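generate a structure from the sequence data that follows.
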Amino acid sequence: MTVVVLIAVAEGLRGHLTRWMIEIAPGVFVGNPSARVRDRLWTVLADRVGDGHAIMIEPAANEQGWSARTAGRDRTHPVDYDGLMLFARQRR
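Okay, here's the model as predicted:
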């Protein structure tokens, strides 16, 4: 399963994502696209996120069973901590 969270992005980008995934809450998308489709979706999201923020959680062969990609404003970013994926937030 793949989960995408979009924050402060254009409506058109959210609309594009609904072609492949289901929007279960505003800006939260869930689906099971193939790796090829997932990579293409990420390319589009990363290119068009603008001043917003995008996070993609996808299946991975690691201890947690998932990995993350982020694009846009750096609110949070994934950090590999001894094989564990953690999210770090910038101090305000």
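
C-alpha only now, for contacts and for neighbours.
Will do.

can you show me the strands along this structure?
Under the criterion DSSP state E, strands of the chain are mapped to 2-7, 22-25, 28-31, 53-59, 66-72, 76-81, 84-89.

quick one: the fifth one to strand 2-7, angle?
Put simply, strand 66-72 runs at 30 degrees to strand 2-7, going by axes from the mean of the first three to the mean of the last three Cα atoms, to 10 degrees.

can you state the direction angle for the lengthiest helix in the chain and strand 66-72?
If you go by DSSP state H, the chain has its longest helix at helix 35-48. Angle of helix 35-48 versus strand 66-72, following the same axes, to 10 degrees, is 30 degrees.

pull out the buried residues from helix 35-48.
Buried positions in helix 35-48, judged by neighbour count with 16 or more other Cα atoms under 10 Å: R38, L41, W42, L45, A46, R48.

so what's N62 closest to, chain neighbours aside?
Residue nearest to N62 in three dimensions, not counting chain neighbours: G83, with 7.7 Å by Cα to Cα, 6 or more residues apart in numbering.

quick one, phi psi at the one you found?
Torsion angles at G83 (phi, psi; degrees, to the nearest 10) stand at phi 90, psi 0.

coming back round to it: check what contacts the longest helix of the chain and list those residues.
L13, L17, A54, M56, A71, G72 (Cα atoms under 8 Å, 6 or more residues apart in numbering).

go again with 7 Å.
Outside helix 35-48, the residues that touch it by Cα atoms under 7 Å, 6 or more residues apart in numbering are A71.

what about it, average pLDDT?
Here helix 35-48 scores 95 as its mean pLDDT.
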